[in-house]
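>>> Can you look at this prediction? I've put the sequence above it.
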Amino acid sequence: MTIAQTVRSYLRNKPYMLEALEKGIVNLSELSRQIQKELKIGNTSAVKAALRRFSEELQKHKQKREEKVLQILNRSGIAVYDRKSVMITSKEINTKNGMKVDLLNKFVYLLDRSEMPERINPLVKHDNCTMIVMHSPEELEATPGVVAFLTALLAEQNVNIIEFISCWTETIIVVEKKDSLKAYEVLSNIVG
């Protein structure tokens, strides 16, 4: 394996380093010295050259990927549904409305707060939630990076996602009520 291949292989499992390289905000000399020591490579110049080329490729690729993601999100719509609850149980329950996800021996329910069963002892329960639904064009399903873009965008604003469901053209994001306005503002700025 060449030095360039070794460096790329090493970085593939380092998402924060990849992001820093994509953004061009890393000191390549210092990073090359660290990689050289860790991987026991004798030639620092070759490591730095590999980093520089890889960084340039990542920046071009990120820009194209981000443009494609933003084009899709610009053609998307957004709706907000308040008074939602999330409940995780170890036993299946009967509900008329809402959503259910079967996870082998656990069940996740997204229900209207008024429809929450009272005699159930859930494993986890979130009562005061808001559901944000994004409806996107069909090419959403075949476009890498949309989910990563949305979750990173909300994480940057310190918004915790309680549940996240991506199904075909629908993206469902459930947040606590206290974060709903911030989440809506962030998402509505990128959604057409």
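Looks like it arrived, so ask away. Numbering: from 1, shown residues only.
>>> could you pull out the helices for the protein?
In the chain, the helices defined using DSSP state H lie at 3-11, 15-23, 28-39, 44-74, 146-156, 177-188.
>>> Reformat those as CSV; add mean neighbour count.
Where you see a C-beta, it was placed from the backbone N, CA and C, and this is true even at glycine. Output for the helices of the chain, formatted as CSV (neighbours: other Cβ atoms under 10 Å):
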stretch, mean neighbour count
helix 3-11, 16
helix 15-23, 15
helix 28-39, 15
helix 44-74, 16
helix 146-156, 16
helix 177-188, 16
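>>> Between the ones you listed, which has the poorest mean confidence score?
Within the helices of the chain, confidence is poorest for helix 15-23, with a mean of 90 (mean pLDDT).
>>> For that helix, name the packing helices and strands.
Under the contact criterion of 3 or more Cβ pairs under 8 Å, 6 or more residues apart in numbering; DSSP states H and E, helix 15-23 touches helix 3-11, helix 44-74.
>>> Enumerate every residue touching the residue of the chain positioned farthest from its centre.
The C-alpha centroid of the chain is most remote from Gly42, which lies 37.5 Å away (Cα atoms, centre = their mean). By Cβ atoms under 8 Å, 6 or more residues apart in numbering, the contact list for Gly42 reads Gln36.
>>> With Lys96 instead?
Contacts of Lys96 by Cβ under 8 Å, 6+ apart are Glu115.
>>> And Arg33, by the same measure?
Thr44.
>>> before we move on, back to that, which stretch among the helices of the chain comes nearest Ile88?
Evaluated with Cβ to Cβ, these place helix 177-188 nearest to Ile88, the distance being 18.5 Å.
>>> That closest one vs helix 44-74, what angle?
Here the directions of helix 177-188 and helix 44-74 differ by 100 degrees (axes from the mean of the first three to the mean of the last three Cα atoms, to 10 degrees).
>>> helices or strands next to helix 177-188 in the packing?
Against helix 177-188 (3+ Cβ pairs under 8 Å, 6+ apart) you get strand 77-89, strand 124-135, helix 146-156, strand 170-176.
>>> Distance to Glu185 for the ones you listed - can I get that in JSON lines?
Output for the helices and strands packed on helix 177-188, formatted as JSON lines (distance: least, Cβ to Cβ, whole Å):
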{"stretch": "strand 77-89", "distance to Glu185": "11"}
{"stretch": "strand 124-135", "distance to Glu185": "11"}
{"stretch": "helix 146-156", "distance to Glu185": "11"}
{"stretch": "strand 170-176", "distance to Glu185": "12"}
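>>> what's the most buried one of these?
strand 170-176 (a mean of 20; mean count of other Cβ atoms under 10 Å).
>>> Tell me which residues are up against it.
Strand 170-176 is contacted by residues 84, 86, 99, 110, 126, 128-136, 140, 146-147, 150, 154, 159-166, 183, 187 when judged by Cβ under 8 Å, 6+ apart.
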